[in-house]
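> Okay, sequence plus prediction incoming.
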Amino acid sequence: MNVIRKLFLINCMFFIFIFSSFAKPSPMPEWVQNYRSVYPDSEYLCQRGSGKSAEEAKTDATGALARYFQMNVSANLSTTMTSISTGTEIQEETAIINDVQVMSQVDFFGLEYTEPYYFKKEKKWYCVAFINRENAWIQYKPQIEIVKNSFEGLLKNAEKENDNFTKLKALKTAWQKGKDFIEKLEYGRLISPTREAEYSSSRDKFSEIPVIFEETKSKCKTYISVQGDYNRIFTTGISTVLSECGFDVVKNQGESTYIVEVFIEDNSTGGEPLAITPTVNIKIVSKDDKTVFSYEEVSQEKTVSYTLENAQKKAYPKLAEGIKAALKNEFENAFKL
């Protein structure tokens, strides 16, 4: 009985071996050669990858999809910013979207993969990374809404501001948040162009900021009043910075809407010779006596001379150059788009 049973098992194993030898290999998935037809552009964003292993093919597909986003979002942002900046004084910026930014967004969109397939003839693995447009939009829209609401709230606050210098700062803050919003929209445009178009009015609000900004700046007429200047060194330097940042500098105080008050304290010690360590305080004050900007610079060096005039002649030029560079940086951060 045991012999018969053993023979039966041997025969079964023999037939299994024969059938497996002649069995056809699993058919090649259609997406290996025609992934665009399997994942049509109207419904999906997708890229195919390949490699020596299944994991390598998957990584290659992910990278290809990320590069697609990176290239298109960066290009669209550059086009948007260029079109807005035409005819204005906006600082030209190059839109650069880094890999970390892209991957954080792509992962959020619900990235999926096909089962990797080994193509024996080519000795390669293939895989497709894909995103369903409809599902991705549903997941992504709340992100757009959050940034949009933040941007529009900041813009509304800026529009309510009565003081023009303060309004410029508020507009700059809204502009920075608006750029975040536009970036979100560019991702949204790739996912679903028709849905992204629903935000056209918010795009228009962002596009209008440079015009409002320049109109507001034109109302800031500045007059420079310096107490204790030597040879107009500080007056000239501050005037240059204001002009380079787009502000009008008037010669008659009566024409101004803001006074730039500059106070210089020499902090002199000793007699013959004497030493000075100058301190410069700068305030921009509105007609209603509101300080809208302030800055202080303290010399880090003592300047020694036998007369106060010679000490000022030595110390002021170097200090004025430092103030000029620092002020320009402060003004560009606060009062330039």
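Cool, got the structure.

> longest single helix anywhere in this protein?
Counting residues, the longest helix found in the chain (DSSP state H) is helix 54-85.

> Buried residues in that one, which are they?
54, 56-58, 60-66, 68-70, 73-74, 76-77, 80-81, 84 (16 or more other Cβ atoms under 10 Å). (Each C-beta comes from the backbone N, C-alpha and C, glycine too.)

> Tell me which helix or strand in this protein has the weakest average pLDDT.
When the helices and strands of the chain are scored by mean pLDDT, DSSP states H and E, helix 2-22 comes last with a mean of 48.

> so after that one, what's the next helix or strand?
Using DSSP states H and E, the helix or strand that follows helix 2-22 towards the C-terminus is helix 31-38.

> Just the mean pLDDT for whichever helix or strand comes after that next one, thanks.
Using DSSP H and E, the helix or strand that follows helix 31-38 in sequence is strand 44-51. Computed over strand 44-51, the mean pLDDT rounds to 96.

> again, but for stretch 326-337
Mean predicted lDDT for stretch 326-337 stands at 91.

> same thing with stretch 295-303?
Here the average pLDDT along stretch 295-303 is 92.

> Quick one: residues in contact with that stretch.
Contact with stretch 295-303 is made by 275-282, 311, 314-315, 318-319, 322-323, 326-327, 330, as judged by Cβ atoms under 8 Å, 6 or more residues apart in numbering.

> Please name the nearest non-neighbouring residue to residue 125.
residue 57 (4.0 Å; Cβ to Cβ, 6 or more residues apart in numbering).

> Quick check, the one you found in contact with residue 128.
No. With contact defined as Cβ atoms under 8 Å, residue 57 does not count as touching residue 128 (9.2 Å).

> what residues do these two have in common as contacts?
Residues touching both residue 57 and residue 128 comprise residue 49, with contact defined as Cβ under 8 Å, 6+ apart.

> between the longest helix of the chain and strand 44-51, how many degrees?
130 degrees (axes from the mean of the first three to the mean of the last three Cα atoms, to 10 degrees).

> Kindly provide the whole-number mean pLDDT of helix 54-85.
Mean predicted confidence for helix 54-85 is 88.

> now do stretch 157-165
Mean predicted lDDT for stretch 157-165 stands at 96.

> what about that stretch, how long is it end to end?
Using Cα to Cα, to the nearest Å, the end-to-end distance of stretch 157-165 comes out at 14 Å.

> Can you list the buried residues in that stretch?
Buried-residue list, stretch 157-165, by 16+ other Cβ under 10 Å: 158, 163-165.

> Just the closest of those to residue 119, please.
Within these, the smallest distance to residue 119 is 58.3 Å, found for residue 158 (Cβ to Cβ).

> That closest one is in contact with residue 176, isn't it?
No. Using Cβ under 8 Å, residue 158 is not in contact with residue 176, being 11.6 Å away.

> All the strands of the stretch 151-300 of the chain, in order from the start?
Ranges of strands in the stretch 151-300 of the chain, per DSSP state E, counting those that start in this stretch, are 221-227, 248-249, 258-265, 269-270, 274-276, 279-286, 291-298.

> Turn those strands into JSON lines, including mean neighbour count.
Shown next, in JSON lines, are the strands of the stretch 151-300 of the chain (neighbours: other Cβ atoms under 10 Å):
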{"stretch": "strand 221-227", "mean neighbour count": "18"}
{"stretch": "strand 248-249", "mean neighbour count": "17"}
{"stretch": "strand 258-265", "mean neighbour count": "19"}
{"stretch": "strand 269-270", "mean neighbour count": "10"}
{"stretch": "strand 274-276", "mean neighbour count": "19"}
{"stretch": "strand 279-286", "mean neighbour count": "18"}
{"stretch": "strand 291-298", "mean neighbour count": "14"}
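
> out of those, which comes closest to residue 45?
Closest approach to residue 45 among these is made by strand 291-298 (47.2 Å; Cβ to Cβ).

> Just give the strands next to the closest one in its sheet, each with its orientation.
With DSSP bridges as the test, strand 291-298 is paired with strand 279-286 (antiparallel).
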